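Novice: sequence and computational prediction follow.
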Amino acid sequence: MKLKILGGPMREDSEEYQNLISFCQSSGQEISLEWIDGQYWLHSDDPKENPVSVMIDRELERHLSYFKKSSIHKEILARALGIKSGVRPKVLDLTGGFLGDSLLMLSFGCEVTTLERHPVVSFLIKSALANSQHPLLANLNYIASDAETYLRAHSSQEVIFFDPMFEDANEKTLPKKEMRIFRSVVGKDLDAKDVWALGLSCRPKRLVVKRPRLSVALGNTPDILFEGKATRYDVYLPKE
């Protein structure tokens, strides 16, 4: 069987199970999910590696603990989003993944709408959210949708954040384990440039694109660059 469910409450007659089976059959991928600590985790294709997911409450508390000692305004993502004293924009995260960026933006104090189109990743997000009780989640709206469909229906956005899995010749380093497993399931975002152009056409105050530091820009030359040791944020300021 291409889908293996190890424990947990999911039944074979459920809609979730049927959606996952359909994905495995159509993609030819073998997916193994295990119930651990109240939610489902994705197994690696390497039996020596532990499964991956996100413990949302623990991750949010980790961020909040850090920001008790360090200013949010020092974070390059916060600066890229336009966060200032008393200013917390509403952010649309087009690529939820394992919610790493969305949870960080929540910890900044932003309201975040997060999208994820991949059925396996979306299932893991829903499972993790059902296992979470953190009060900051009141500011998170999760939607299982692709970016293009959502943007065409909801073109009015304050800030759009986009972290595509779009590789170029300048990317030399291997991703960490969680990202490698994630990429093995999801693959590349072949429509990344189209999504970037659509996001720009929506005229948000800012379109923030996350890129590896040495990678080429996804689209035109950005208006502002915020560069860290490994990551760069390309900020586009659409003109009226």
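Specialist: Arrived safely. Only a predicted model underlies this, so the values are computations on that prediction, with no experimental measurement involved.
Novice: so the residue sitting nearest the centre point of the chain: helix, strand or coil?
Specialist: Central residue of the chain (Cα atoms, centre = their mean): Gly96, 2.4 Å from the mean position. Put simply, Gly96 is coil when judged by DSSP: H, G, I helix; E, B strand; the rest coil.
Novice: any weak-confidence spans in the chain?
Specialist: Applying pLDDT under 70 to the chain flags the ranges 1, 166-190, 240.
Novice: same thing but 80
Specialist: 1, 45-47, 165-190, 239-240 (pLDDT under 80).
Novice: now do the helices in it.
Specialist: 15-27, 56-67, 76-81, 100-108, 119-130, 147-153, 177-186, 192-201 (DSSP state H).
Novice: same list (those helices) but as JSON lines, adding distance to Leu6.
Specialist: For glycine as for every other residue, the C-beta is placed from the backbone atoms N, C-alpha and C. Shown next, in JSON lines, are these (distance: least, Cβ to Cβ, whole Å):
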{"stretch": "helix 15-27", "distance to Leu6": "13"}
{"stretch": "helix 56-67", "distance to Leu6": "21"}
{"stretch": "helix 76-81", "distance to Leu6": "35"}
{"stretch": "helix 100-108", "distance to Leu6": "24"}
{"stretch": "helix 119-130", "distance to Leu6": "13"}
{"stretch": "helix 147-153", "distance to Leu6": "31"}
{"stretch": "helix 177-186", "distance to Leu6": "16"}
{"stretch": "helix 192-201", "distance to Leu6": "33"}
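Novice: so the residue nearest to the centre of the chain touches Val121, yeah?
Specialist: Yes: Gly96 is in contact with Val121 according to Cβ atoms under 8 Å; the separation is 7.1 Å.
Novice: returning to what we had before: which of the helices of the chain is buried the deepest?
Specialist: helix 100-108 (a mean of 22; mean count of other Cβ atoms under 10 Å).
Novice: helices or strands next to it in the packing?
Specialist: Under the contact criterion of 3 or more Cβ pairs under 8 Å, 6 or more residues apart in numbering; DSSP states H and E, helix 100-108 touches helix 56-67, helix 76-81, strand 91-93, strand 112-115.
Novice: what's the angle from that helix to helix 56-67?
Specialist: Regarding helix 100-108 and helix 56-67, their directions subtend 50 degrees when assessed with axes from the mean of the first three to the mean of the last three Cα atoms, to 10 degrees.
Novice: contacts for helix 100-108, please.
Specialist: Residues outside helix 100-108 that contact it (Cβ atoms under 8 Å, 6 or more residues apart in numbering): 54, 56, 59-60, 63-64, 67, 72, 75, 77-78, 81, 83, 88, 91, 93, 96, 112, 114, 136-137, 139-140, 161, 163, 210.
Novice: separation between Arg117 and Thr149?
Specialist: To Thr149, Arg117 is 8 Å away according to Cβ to Cβ, to the nearest Å.
Novice: same check on Asp223?
Specialist: 27 Å.
Novice: same question, Arg213
Specialist: From Arg213 to Thr149 the distance is 31 Å (Cβ to Cβ).
Novice: next one: Glu116
Specialist: Distance from Glu116 to Thr149, by Cβ to Cβ: 12 Å.
Novice: now swap in Glu30 and tell me
Specialist: Distance from Glu30 to Thr149, by Cβ to Cβ: 28 Å.
Novice: and what of Leu64?
Specialist: 33 Å.
Novice: likewise for Leu136?
Specialist: Leu136 is 27 Å from Thr149, by Cβ to Cβ.
Novice: what's near enough to touch the closest residue to Ile21 other than its chain neighbours?
Specialist: Among residues not flanking Ile21 along the chain, Leu3 sits closest, at 5.3 Å (Cβ to Cβ, 6 or more residues apart in numbering). Counting by Cβ under 8 Å, 6+ apart, Leu3 touches Tyr17, Leu20, Ile21, Cys24, Glu30, Ile31, Ser32, Leu33.
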